[in-house]
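K.L.:
Here is my input; please provide its structure:
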Amino acid sequence: MTEPAELRVFVNGTGLSVNHGATILDAVRAFDAAEAAEVAAGTRAVTDSRGLPAASDTPLTGGMVLRIVSARALRTAEESA
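P.N.:
Numbering: from 1, shown residues only. Next up is the predicted model:
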């Protein structure tokens, strides 16, 4: 059985197809270039489906669910935990 040419991932509920080897930041960029620029600048952050922080250079796996959140809100939540 051959692997599909692309991976299916979800960013803020939107399904996207990305190439194998793509990173979380690549998926965010495919979703919205302005959001990706904010993630790269540190004003926005990405969490996984459980709400845990996800590094933008993490390689994607098929079916990943990502959410873009305020980096400030994420830092506040981490500090209070």
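
K.L.:
list the contacts for residue 42?
P.N.:
Residue 42 makes contacts with residue 71, as judged by Cβ atoms under 8 Å, 6 or more residues apart in numbering. Using the backbone N, CA and C atoms, a C-beta is placed for each residue, glycine as well.

K.L.:
What are the buried residues along stretch 39-48?
P.N.:
By neighbour count on 16 or more other Cβ atoms under 10 Å, the buried set for stretch 39-48 is 39, 44-47.

K.L.:
and that stretch, how far out from the chain's middle?
P.N.:
Centre-to-centre, stretch 39-48 and its host chain are 8 Å apart (Cα atoms, centre = their mean, to the nearest Å).

K.L.:
picking that back up, looking at the buried residues of stretch 39-48, which one is closest to residue 7?
P.N.:
The closest of the buried residues of stretch 39-48 to residue 7 turns out to be residue 46 (Cβ to Cβ; 15.9 Å).

K.L.:
Many thanks, we can stop here.
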